[in-house]
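Visitor: Could you work out the structure for the sequence below:
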Amino acid sequence: MLPITVIIAAKNEESNIAKCVAALPEFERIVVLDSGSTDATASIAANYGTEVLEFDYKGGYPKKRQWALDSLDIQTPWTLLLDADEVVTESFLDELRAVTSSQRSDDGYLVTKGFHFLGKRFRFGGFSHSAVLLFRTGCARFEHLLDEDSDALDMEVHERLIVDGTVGVIKAPLIHEDFKGLEAYVARHNKYSTWEAKVRYQHLHGGDWGQSAITPKLFGNAQERRRYLKTIAVRIPFEPWLWFFYHYIARLGFLEGRPGLIASQIRASYIAQARSKLYEMRLQLAGRSHQSNSLRQPVPEPVSTAAQKAA
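Guide: Modelled structure (predicted):
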């Protein structure tokens, strides 16, 4: 058995969860963190012998996966985070065996999520990205970027793990494929763009990304480099069009055919939504400030009363 605890975040994932947990027979412990699914997610996961825990977000920090890292009594030396729409491959398992049996392993590992979209494994377009998902238990914590209300996203989506130690790379990618369809995919990105707008507002008006955050570094690891580039991207005009150009032209997304075009359009739309919501946020806050200033102004005396006093 691999000395790894796998934590899987899930909510209404009956279309994906069986494929995810069926590929994990070698792991010492598997925990599915469910957020009140109304479909068969929990029962399917339980049928595969996994632990199923319910998470109820109260707002603020931590969110779902950091809560699990803080609350679960994890006895294994390694922890792996997965989403319900991700599947490990045999080559990925081979690398995990090597990492967990070596005395010279790093403290955390970047893992690439191999992007599958509309039934197609993408080789082009630059949609696959790396993030720290495997780490020595106790050596990593999620960024603390926003303190949101309880009705906001309850899981870390674009928050990254900060590793206390060295970071290596797992070369074999995960299979990242969602079987819930485009409607669910677009709806999810609408929520992500709201979160993105809040984070951008905080960074652009407060000067930092959050209370604890990845340090932007051009020559750092993939997470640090991505944050550095984001620091620039949020300040330049025409960002949605630039992302479309990046995915569809510069990274050859057009070679993926129609799915490549759709994925590039959705990516650009996501950025456009985030920037639009950021603009709306500024308007609303400016309106409140104007209203507040108006309330502090002295109330002019009625003309008729002033005239009576003069007489």
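
Visitor: Quick one: residues contacting the residue most central in space within the chain.
Guide: Centroid-nearest residue in the chain: Val157, 1.7 Å away (criterion: Cα atoms, centre = their mean). By Cβ atoms under 8 Å, 6 or more residues apart in numbering, the contact set of Val157 is 192, 195. Where C-beta positions appear, they are placed from N, C-alpha and C, glycine not excepted.

Visitor: does it belong to a helix or a strand, and which?
Guide: Assigned by DSSP states H and E, Val157 belongs to no helix or strand.

Visitor: Spell out the secondary structure type for Leu69.
Guide: The three-state label given to Leu69 by DSSP: H, G, I helix; E, B strand; the rest coil is helix.

Visitor: okay, now it: neighbour count?
Guide: If you count neighbours by other Cβ atoms under 10 Å, Leu69 ends up with 21.

Visitor: next one: the one 5 residues further on
Guide: By the measure other Cβ under 10 Å, the count of residues near Ile74 is 17.

Visitor: Then Phe254?
Guide: 15.

Visitor: was I right about it contacting Ile262?
Guide: No: with contact defined as Cβ atoms under 8 Å, Phe254 does not count as touching Ile262 (11.7 Å).

Visitor: What residues does Trp195 make contact with?
Guide: Neighbouring residues of Trp195 by Cβ under 8 Å, 6+ apart: 146, 148, 152-153, 157-158.

Visitor: run the last query once more with 10 Å
Guide: The contact partners of Trp195, taken as Cβ atoms under 10 Å, 6 or more residues apart in numbering, are 145-146, 148, 152-153, 157-159, 274, 277.

Visitor: ok, back up a step: what pLDDT is listed against the residue nearest to the centre of the chain?
Guide: The model reports Val157 with a pLDDT of 84.

Visitor: same check, this time on the one 3 residues further on
Guide: The pLDDT attached to Arg160 in the predicted structure is 97.
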